[in-house]
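Novice: Just need the structure, nothing else, for what follows:
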Amino acid sequence: MEGNLKIDISETNRGKEQIIIDRKFKYNFSKLKIDNTKIYRCTEYKTLNKCKSFIILNDNKEVLNYESSHNHHGNEINASKSLIKHKIKDEIKKSLIPSDIKSKRIFDKNEAPNESEYYKTIRGKYFMIFKNSNIIIFQSPFQAKLFMENKHIFADGTFLIAPTNSYQVSITRTYVTELNCFYTTSMSILKNKEQTTYEILFNEIKKI
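Specialist: Residues are numbered from 1 along each chain as shown. As a prediction, the model looks like this:
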């Protein structure tokens, strides 16, 4: 049975490694053993269910031991959401800023400029669609086209690449069947996490 397991790698909301079995059971990292094998326990272990299912993997993610008995049903929807969120975050890290390019401050200590070479694509086209003191929104015509043509839009935020004088970089993405991948449909730099800032963000994008 262990040879037929479908194992996916995901992460928790806190960025800790998570294992998903058969796209319906989630396991959080629990302990690193002396031999460097890792123990993962079912996410229902610390709930009222107190599920005792666990799995032990080596560095190559090969199954060494698997207690597959659960006292609850699997949740395919919840597992799928975790996988999608992890994939979006992973692709953002890989594609948003190339590893060989150092980030550069694009606005001064107090305010972003109204004109900047960083507001243009490599073809010289402006793709900054909105700016005020709290938010700058970037979206190219192609990204706007994808945004309008797809019903399912995913939104996420990251603090890892946010400029030093801002709070967060917010991304919207959609899955493009023709390209067989997720594609960024907008990128925004936020200076705070106030509700009005997020409302402006989504209202401006929806105007396109």
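
Novice: May I have the distance across stretch 43-54, first residue to last?
Specialist: 10 Å (CA to CA, to the nearest Å).

Novice: Ok, stretch 156-164 next?
Specialist: 19 Å.

Novice: Over to stretch 165-181?
Specialist: 32 Å.

Novice: State the pLDDT value of Lys104.
Specialist: For Lys104, the model assigns a pLDDT of 54.

Novice: same question, Glu115
Specialist: The model's pLDDT for Glu115 equals 63.

Novice: What residues sit buried inside stretch 36-45?
Specialist: 38-45 (16 or more other CB atoms under 10 Å). Where C-beta positions appear, they are placed from N, C-alpha and C, glycine not excepted.

Novice: Show residues contacting it.
Specialist: 18-19, 25-33, 50-59, 64, 70-72 (CB atoms under 8 Å, 6 or more residues apart in numbering).

Novice: Do me a favour and get the end-to-end distance for that stretch?
Specialist: Terminal-residue distance, stretch 36-45 (CA to CA): 22 Å.

Novice: Mind checking the pLDDT average for that stretch?
Specialist: Computed over stretch 36-45, the average pLDDT equals 91.

Novice: how much space between the residue positioned nearest the centre of the chain and Ser82?
Specialist: Ranked by distance to the mean C-alpha position of the chain (CA atoms, centre = their mean), the top residue is Lys89 at 2.5 Å. To Ser82, Lys89 is 11 Å away according to CB to CB, to the nearest Å.

Novice: repeat for Lys151
Specialist: For Lys151, the distance to Ser82 - CB to CB - is 21 Å.

Novice: So which of the two has more stuff around it?
Specialist: Counted by other CB atoms under 10 Å, Lys151 and Ser82 do not tie: Ser82 has more neighbours, with 21 against 5.

Novice: tell me the SS of the more buried one?
Specialist: helix (DSSP: H, G, I helix; E, B strand; the rest coil).

Novice: For it, which residues are in contact?
Specialist: Contacts of Ser82 (CB under 8 Å, 6+ apart): 10, 18, 20, 26.

Novice: Closest one to Asn134 out of those residues, please.
Specialist: Relative to Asn134, the closest of these is Ser10; by CB to CB it sits at 32.4 Å.

Novice: What is the burial count for that closest one?
Specialist: For Ser10, using other CB under 10 Å, the count is 22.

Novice: wouldn't it be in contact with Ile88 here?
Specialist: No: counting by CB atoms under 8 Å, Ser10 does not reach Ile88; the two are 11.4 Å apart.

Novice: The residue nearest to the centre of the chain belongs to a helix?
Specialist: Yes: under three-state DSSP, Lys89 falls within a helix.

Novice: ok now do the residue nearest to it when sequence neighbours are not counted, which residues does it touch?
Specialist: Excluding its sequence neighbours, the residue lying closest to Lys89 (CB to CB, 6 or more residues apart in numbering) is Asp156, at 6.5 Å. Counting by CB under 8 Å, 6+ apart, Asp156 touches 85, 88-89, 92, 170-171, 173.
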